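>>> need a structure here:
(one chain, ligands or ions: 1)
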Amino acid sequence: MGHRSIGYFLLVYDHQPVLINMPAILVHTVGKSILFGEHAVVYGQPAIAIPVTNLRTKVTLTPDLKTQTPSYYYDAPDIGIHGTLEDLPHDHILVEALRIFKESFSIKSIPSFKLHVSSSIPVAAGLGSSASISVGIVRAIAQHLGLKLPVEKVNALAYQLEKLHHGNPSGIDNTVISYEKPLYYIRNHAPLFLEPREPFYFLLINSTIHSLTSQVVDEVRRAWEVNPTHFGAIFQDIGDLTDQARQAITKGDQVMLGQLITENHHLLQKMGVSLVQLDEIVALCNDNGALGAKLCGAGRGGNVIALVKADSIPPVLQALQSAGWTEIYQTSISKKWSHS
Ligand code: MEV
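All right, here's what the predicted structure looks like:
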């Protein structure tokens with residue numbers, strides 16, 4: 001979602017200083033969590049993802065009228081990256097974004113701007129920090145160029161940027177972040193939006209162990225190449241669970257959904273992407289009243305997602321905090337899905 005905040009700029013016109021409106025473009029994008037089907041989705045199985053609306057990335061694009069020749073500046077203080085286009089690595093997201101816009105819309109030159117990126121989404125934690133930046137940059141540059149892009153196009157352009165971060169992304173991260181709705185997703189197909197019959201409440205527990213999605217996806221690929229039958233069967237079982245989960249969500253069946261979530265965790269353990277710390281968090285949630293829990297995202301670190309009834313949130317939180325797991329976010333999905 002984006003809007004403009006008005007700033008002012010001093011220009012010299014006909015030797016007279018003139019104060020003109022200089023709108024900065026502000027774009028906010030959400031985080032995400034994979035509820036079912038991570039990794040299996042890369043191999044064509046269905047997956048389910050939900051937006052996490054209280055974690056956000058903010059992209060601010062300030063047009064730069066002072067420069068005659070196109071120039072661009074990128075500033076991401078959270079991760080200590082800033083510099084002009086010339087200072088940035090040749091495969092930096094801004095370099096790629098400018099190239100993609102020029103190519104896709106046959107634009108010769110994009111007017112100068114400065115881009116500021118900040119986010120409350122933890123990095124390398126499986127909550128969509130990279131996809132939220134990709135979607136945010138696409139929306140901001142589109143507005144800068146006066147392009148009113150439909151969400152499908154935003155998603156398609158963000159997918160191209162996502163390929164920079166993970167050689168072979170399924171596209172689920174950029175899709176759920178572009179649409180900001182819970183969805184059932186099969187690679188190379190339009191997403192199906194899920195309407196939960198009842199609200200579902202979730203806790204996201206950050207192990208604070210950093211994990212790079214691209215690395216884990218590569219490791220799973222190598223393991224699958226060595227043993228395609230074993231891994232193919234795990235992916236298929238996860239796909240079957242995802243189909244059952246879709247029914248459970250639309251029927252509002254909390255207990256069924258919880259069981260399926262924990263079964264999905266066991267299959268991710270079998271795939272080799274869990275860690276003792278993630279297993280411990282899953283067990284703590286389930287032993288203290290959660291309906292089900294699993295790692296979410298690529299694994300080998302990152303977050304656990306737990307399905308909880310509203311009244312079991314306090315005991316689950318208490319157990320997690322006593323065990324030292326203190327970085328916890330809450331999120332939910334409901335019938336009347338809104339961008340709160
Ligand atoms: C990452 O959020 C989900 C993975 O399945 C990778 C992908 O779908 O591209 C691990």
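>>> okay, CA-based contacts and neighbour counts for the rest of this
Will do.
>>> list the contacts of E38.
Applying CA atoms under 8 Å, 6 or more residues apart in numbering, we find E38 in contact with 47, 296-298.
>>> mind putting those residues in a markdown table, secondary structure and neighbour count included?
Converted to a markdown table, the contacts of E38 look like this (DSSP: H, G, I helix; E, B strand; the rest coil; neighbours: other CA atoms under 10 Å):
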| residue | secondary structure | neighbour count |
| --- | --- | --- |
| A47 | strand | 29 |
| C296 | strand | 31 |
| G297 | coil | 31 |
| A298 | coil | 26 |
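>>> mind listing what the residue in the stretch 151-300 of the chain positioned nearest to the ligand touches?
Of all residues in the stretch 151-300 of the chain, the one sitting closest to the ligand is P169 (3.3 Å; CA to the nearest ligand atom). Listed by CA under 8 Å, 6+ apart, the contact partners of P169 are 42, 162-163.
>>> how near is the residue lying closest to T69 once chain neighbours are set aside to T229?
Counting by CA to CA, 6 or more residues apart in numbering, T69 lies nearest to S112, which is 7.7 Å off, once chain neighbours are set aside. As judged by CA to CA, to the nearest Å, S112 and T229 stand 52 Å apart.
>>> L55 now?
Going from L55 to T229 by CA to CA gives 38 Å.
>>> picking up where we left off before, thought the residue nearest to T69 was touching T84?
No: contact criterion CA atoms under 8 Å: S112 and T84 do not qualify, at 11.0 Å.
>>> what do those two both touch?
By CA under 8 Å, 6+ apart, the residues touching both S112 and T84 are 71-72.
>>> who's more crowded, the two?
S112 (19 against 13; other CA atoms under 10 Å).
>>> what's near enough to touch G146?
Counting by CA under 8 Å, 6+ apart, G146 makes contact with nothing.
>>> part of a strand, is it?
No: the assignment for G146 (DSSP: H, G, I helix; E, B strand; the rest coil) gives coil, which keeps it out of a strand.
>>> mind listing what's buried in stretch 191-198?
Neighbour-count burial for stretch 191-198 flags 191, 193-198 (criterion: 16 or more other CA atoms under 10 Å).
>>> ok, which stretches of this protein are helices?
Using DSSP state H, the helices of the chain run over 93-105, 129-144, 151-165, 172-179, 213-226, 228-251, 254-271, 276-287, 313-322.
>>> need the winner for burial among those helices.
Most buried of these by mean neighbour count (mean count of other CA atoms under 10 Å) is helix 172-179; its value is a mean of 27.
>>> give me the helices and strands touching that helix, please.
strand 16-36, strand 47-63, helix 129-144, helix 151-165 (3 or more CA pairs under 8 Å, 6 or more residues apart in numbering; DSSP states H and E).
>>> repeat that for 6 Å
Packed against helix 172-179, as judged by 3 or more CA pairs under 6 Å, 6 or more residues apart in numbering; DSSP states H and E, are no other helices or strands.
>>> next to the ligand, which bits of the stretch 1-150 of the chain? Give me the list.
38-39, 41-42, 126 (CA under 6 Å from any ligand atom).
>>> contacts only, for the most centrally placed residue in the chain.
Note on the chain: the residue nearest the mean C-alpha position is G128, at 2.3 Å, using CA atoms, centre = their mean. Neighbour list for G128: 31-32 [criterion: CA atoms under 6 Å, 6 or more residues apart in numbering].
>>> what do you get if the cut-off is 10 Å, keeping everything else the same?
Listed by CA atoms under 10 Å, 6 or more residues apart in numbering, the contact set of G128 reads 30-34, 51-52, 55-57, 121-122, 134, 172-174, 176-177, 213, 297.
>>> one more: H82?
By CA under 10 Å, 6+ apart, the residues touching H82 are 73-76, 88, 115-117.
>>> likewise for V30?
Taking CA under 10 Å, 6+ apart as the definition, contacts of V30 comprise 1, 51-58, 119-121, 127-129, 131-133, 135-136, 176-180, 339.
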